[in-house]
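Visitor: requesting a structural model of the entry that follows:
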Amino acid sequence: MRQSMTTRVVQLPSRGQITLPTEFRRKLGLTEGSLLQISLVDDKIVIRPVPPTDVKLREYTEAEISQFLADDRIDEETVTTVKRLLAEGAL
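Guide: You can find the predicted model right below:
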């Protein structure tokens with residue numbers, strides 16, 4: 001059985017983010033928020049879609065997050081940043 005292979009070259013910007021070509025996203029049914037598994041296999045980066053699941057991820061309360069940060073002895077500036085990013089949905 002012959003494998004289908006499509007190749008594109010993308011340029012890596014300073015922050016290390018890449019954009020998946022539209023053709024790839026459409027073919028794989030990827031949309032904003034899709035989960036991807038990224039693996040380093042020898043000298044290759046392998047990116048695979050994570051199948052959707054009905055399993056809900058647990059959401060932590062503000063008190064639990066504060067306790068985790070306190071237990072880890074994270075400095076106040078980092079605590080403030082983490083809480084802001086969580087509130088913005090960036091984490």
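Visitor: so which residues of the chain form strands?
Guide: Counting by DSSP state E, the chain has strands at residues 36-41, 44-49.
Visitor: any idea which of the ones you listed is most buried?
Guide: strand 44-49 (a mean of 10; mean count of other C-beta atoms under 10 Å). Heads up, the C-betas are built off the backbone N, CA and C, glycines and all.
Visitor: what is that strand packed up against?
Guide: strand 36-41 (3 or more C-beta pairs under 8 Å, 6 or more residues apart in numbering; DSSP states H and E).
Visitor: any idea of the mean pLDDT for the strand it packs on?
Guide: Averaging pLDDT along strand 36-41 gives 92.
Visitor: next: stretch 12-26.
Guide: pLDDT averaged over stretch 12-26 gives 90.
Visitor: how about the strands of the chain in CSV, adding distance to Met5?
Guide: Formatted as CSV, the strands of the chain follow (distance: least, C-beta to C-beta, whole Å):
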stretch, distance to Met5
strand 36-41, 16
strand 44-49, 13
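Visitor: figure out which of these is closest to Glu88.
Guide: strand 36-41 (21.2 Å; C-beta to C-beta).
Visitor: residue contacts, Pro52?
Guide: If you count contacts by C-beta atoms under 8 Å, 6 or more residues apart in numbering, Pro52 has none.
Visitor: tell me the pLDDT of it.
Guide: 77.
Visitor: still on that earlier bit, which one, of the strands of the chain, ends up nearest to Lys83?
Guide: strand 36-41 (26.3 Å).
Visitor: strand partners (parallel or antiparallel) of the closest one?
Guide: Strand 36-41 has the following sheet partners, assigned by DSSP bridges: strand 44-49 (antiparallel).
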